[in-house]
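Novice: any chance you can model this:
(2 chains)
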Amino acid sequence: DQQVKQNSPSLSVQEGRISILNCDYTNSMFDYFLWYKKYPAEGPTFLISISSIKDKNEDGRFTVFLNKSAKHLSLHIVPSQPGDSAVYFCAASAKIGETSGSRLTFGEGTQLTVNP
Amino acid sequence: NAGVTQTPKFQVLKTGQSMTLQCAQDMNHEYMSWYRQDPGMGLRLIHYSVGAGITDQGEVPNGYNVSRSTTEDFPLRLLSAAPSQTSVYFCASSYSGTGVNSPLHFGNGTRLTVT
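Specialist: The predicted structure is shown next:
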């Protein structure tokens, strides 16, 4: 079963406007959520994260919102820039056990295109 | 600072062949992992390791083996390649697990085609 879902495969916005990327999850044991950004032919790079005990985290133009009751998180980019065009992955972390550490589960990704 | 280095960048195998994808990190990270990326499916965890000598299975471990004899290296072995293993493979590491203040650092991937 897909525990982390990004229902929008693609999103197109104009430069200077807000980009909103959405992510839903089903596992209540997730305690930490992250967003990664990926350019073609490169590995994903960490963008921003949020602990399950918070509902908002901001870093410059990027803000992540967490709604635990709805099991939903979103990434807001304001203002959007052409260099933000990339695939964005939502990810969620859960502890597996005392000795097995933790695991990160990724969504399918959303291709963001910011038009000049 | 090299970070996470994966070799080779590209590989073509015939069905039934075996090979090892190499991954090395120079950040003294305890946690290392392998993911595969397929269209429409995001990144799926194959195997991971919380430290030298310790490995565990992820979501899609079948057909793959790993070992962790040193902190730096985490090779992924395909025992008998199948067309279903055609994918882009990413190695990632972190200081400690995948929790707070320990985001994964990814390599640039190995694109594998099995014919």
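Novice: please make it C-alpha for all contacts and neighbour counts, starting now.
Specialist: Will do.
Novice: chain A contacts on chain B?
Specialist: When proximity is defined by Cα under 8 Å from any Cα of the partner chain, chain B lies next to chain A at B:40-45, B:50, B:56, B:90, B:97-100, B:103-109.
Novice: which of the residues you listed are buried? Put it as a PyMOL command.
Specialist: Buried residues among the residues of chain B next to chain A (16 or more other Cα atoms under 10 Å in any protein chain shown), as a PyMOL selection:
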select buried, chain B and resi 42+43+44+45+50+90+97+98+99+103+104+105+106+107+108+109
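Novice: pLDDT weak spots in chain A?
Specialist: Across chain A, the ranges flagged by pLDDT under 70 are A:1, A:97-100.
Novice: what helices and strands are in contact with the strand ranked longest in it?
Specialist: Taking DSSP state E as the criterion, chain A has its longest strand at strand A:86-97. Contacts defined by 3 or more Cα pairs under 8 Å, 6 or more residues apart in numbering or on different chains; DSSP states H and E place strand A:86-97 against strand A:4-5, strand A:32-38, strand A:101-106, strand A:110-115.
Novice: please redo it, this time with the cut-off set to 6 Å
Specialist: strand A:32-38, strand A:101-106, strand A:110-115 (3 or more Cα pairs under 6 Å, 6 or more residues apart in numbering or on different chains; DSSP states H and E).
Novice: tally of neighbours for whichever residue of chain A sits closest to chain B?
Specialist: For chain A and chain B, the shortest gap (Cα to the nearest Cα) falls at A:E108, measuring 3.7 Å. By other Cα atoms under 10 Å in any protein chain shown, 26 other residues sit near A:E108.
Novice: again, but for the one 4 residues further on
Specialist: Taking other Cα under 10 Å as the neighbour definition, A:L112 ends up with a count of 23.
Novice: for B:Q6, same thing?
Specialist: 22.
Novice: residues contacting it?
Specialist: Neighbour list for B:Q6: B:Q22, B:C23, B:G107 [criterion: Cα atoms under 6 Å, 6 or more residues apart in numbering or on different chains].
Novice: nearest to chain A, of these?
Specialist: After measuring the contacts of B:Q6 against chain A - Cα to the nearest Cα - the closest member comes out as B:G107, at 5.4 Å.
Novice: so the closest one sits right up against A:G43, yeah?
Specialist: Yes: using Cα atoms under 6 Å, B:G107 is in contact with A:G43, at 5.4 Å.
Novice: show me what from chain A comes close to chain B.
Specialist: By Cα under 6 Å from any Cα of the partner chain, the residues of chain A that approach chain B are A:E42, A:G43, A:G101, A:S102, A:F106, A:G107, A:E108, A:G109.
Novice: what two of these are the furthest from one another?
Specialist: Using Cα to Cα, the two most remote members of the residues of chain A next to chain B are A:E42 and A:G101, lying 26.6 Å apart.
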